[in-house]
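Asker: Here is a sequence together with a model predicted from it:
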Amino acid sequence: MLIRYCPAPPLDVAIECIWLSRRTEHALDWEHMLPSGKAQLVIPLHDMPIRWAAPPDEASGSIDWHSWSRGVVHGPQSRYYLAGPKPTGMVVGASFLPGMAAPILGESLLELRDRHVSLEELWGYRGLELHERLAAIADPAAICRALEAELLARMRRPLLIHPAVAYALRPGASSLQPRVEAIQKQSGYSPRHFIELFHSAVGLTPKHYYRVRRFSDALSRLARGDAKLADVAAVAGYSDQAHLSREFRELAGVAPSAYRPRGADSEHHHVVEPQGKKPSRLPSRRA
């Protein structure tokens, strides 16, 4: 089961969607969770821990495992991270629009970059209380409405974003102006000042953010089954297929030919271990 919808104003200015999913079978596989440039709030309505790890150490290939439960905020990620396996039950969450999570989360996105912060660490006992309150609701639609009400109550108003950053984040900006220099010049600010403004608001530098958004566009096309990698590379804005392949290995940890999305609408979930065995190493980035 999957519920996904855009919340009502004024939350729609900050939140792309509120969602809920229910898993009926224990998922034994593991995933590379691929970067999207956005912060994510995830609240499982159970107490089972979920493991995650940063990409492996370059020299040794070793992985440092961690776990979270009851709720987590995934900050904007610069690369993939590893997560799983996933237990049965319902999970509810919110996907924030780029640069708009801080007024609700109460934490700078720059501080959340490449981090996975539990609700307890972020909101203290109120984070645990939110988990318990949502877990006590039986109706999935009512769970979503309760989370929406909580996020609305936490929103700091007015929702302010610097005009230069808002201009750089406008729909289609990354495809219309692929060069950061062009966007910076149109903003009217010096390169250093523009980068600082953008980095502080979004959690990623503008150059890296546009890399991630271009990568996400390619992921969407591949997950839908677009056949030719060269065509995907051209439409997504890469110089050639080799360019896409290099970016894929860096951001996803695998080559495009090894990409295995969980579904057409789950392009940021790359399945890496379908047999149910926890990997001691991740696939080579030169695969």
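Answerer: It's in. Residues are numbered from 1 along each chain as shown.
Asker: For the rest of this, base every contact and every neighbour count on C-alpha atoms.
Answerer: OK.
Asker: Could you list the domains of the chain?
Answerer: Here the domain parsing of the chain from automatic domain parsing is 2-154, 163-254.
Asker: Span of the longest one from start to end?
Answerer: It stands for domain 2-154. End-to-end span of domain 2-154 (Cα to Cα, to the nearest Å): 25 Å.
Asker: go on, stretch 82-97?
Answerer: 23 Å.
Asker: Could I get the average pLDDT for it?
Answerer: Taken as a whole, stretch 82-97 has a mean pLDDT of 94.
Asker: how far is that stretch from where the chain is centred?
Answerer: 11 Å (Cα atoms, centre = their mean, to the nearest Å).
Asker: between the domains of the chain, which one is nearest to His269?
Answerer: With respect to His269, and counting by Cα to Cα, the nearest of these is domain 2-154 at 5.2 Å.
Asker: circling back to that earlier point, which of the domains of the chain has the lowest mean pLDDT?
Answerer: The bottom spot among the domains of the chain, by mean pLDDT, belongs to domain 163-254, with a mean of 87.
Asker: chain center to it: distance?
Answerer: 15 Å.
Asker: okay, the domains of the chain in JSON lines with mean neighbour count and distance to Val272 next?
Answerer: Output for those, formatted as JSON lines (neighbours: other Cα atoms under 10 Å; distance: least, Cα to Cα, whole Å):
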{"stretch": "domain 2-154", "mean neighbour count": "18", "distance to Val272": "5"}
{"stretch": "domain 163-254", "mean neighbour count": "18", "distance to Val272": "10"}
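Asker: Using the centroid of the chain, identify the residue furthest from it.
Answerer: Gly188 (29.7 Å; Cα atoms, centre = their mean).
Asker: Compare the domains of the chain and give me the one nearest Arg260.
Answerer: domain 163-254 (8.1 Å).
Asker: Endpoints of the closest one, how far apart?
Answerer: 37 Å.
Asker: circling back: redo the domains of the chain as JSON lines? Include distance to Glu267.
Answerer: Listed next are those as JSON lines, based on distance: least, Cα to Cα, whole Å:
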{"stretch": "domain 2-154", "distance to Glu267": "8"}
{"stretch": "domain 163-254", "distance to Glu267": "6"}
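Asker: follow-up on the earlier one: not counting residues beside it along the chain, what's closest to the residue farthest from the centre of the chain?
Answerer: Ala164 (7.9 Å; Cα to Cα, 6 or more residues apart in numbering).
Asker: could you show me where the strands are in this protein, in order?
Answerer: 2-5, 15-23, 31-33, 40-44, 50-53, 65-68, 72-74, 81-83, 89-96, 116-118, 269-271 (DSSP state E).
Asker: Look up phi and psi at the residue farthest from the centre of the chain.
Answerer: phi 90, psi 0 (degrees, to the nearest 10).
Asker: Mind listing residues that contact stretch 214-225?
Answerer: 35-36, 174-175, 229, 232-233, 236-237, 247-248, 261, 263-268 (Cα atoms under 8 Å, 6 or more residues apart in numbering).
Asker: Give me the nearest residue to Ile63, chain neighbours excluded.
Answerer: Of all residues not flanking Ile63 in the chain, Pro56 sits nearest, at 4.8 Å (Cα to Cα, 6+ apart).
Asker: Glu132 too?
Answerer: Spatially, and ignoring its direct neighbours in sequence, Glu132 is nearest to Leu45 (7.9 Å; Cα to Cα, 6+ apart).
Asker: Alright, that wraps it up for me.
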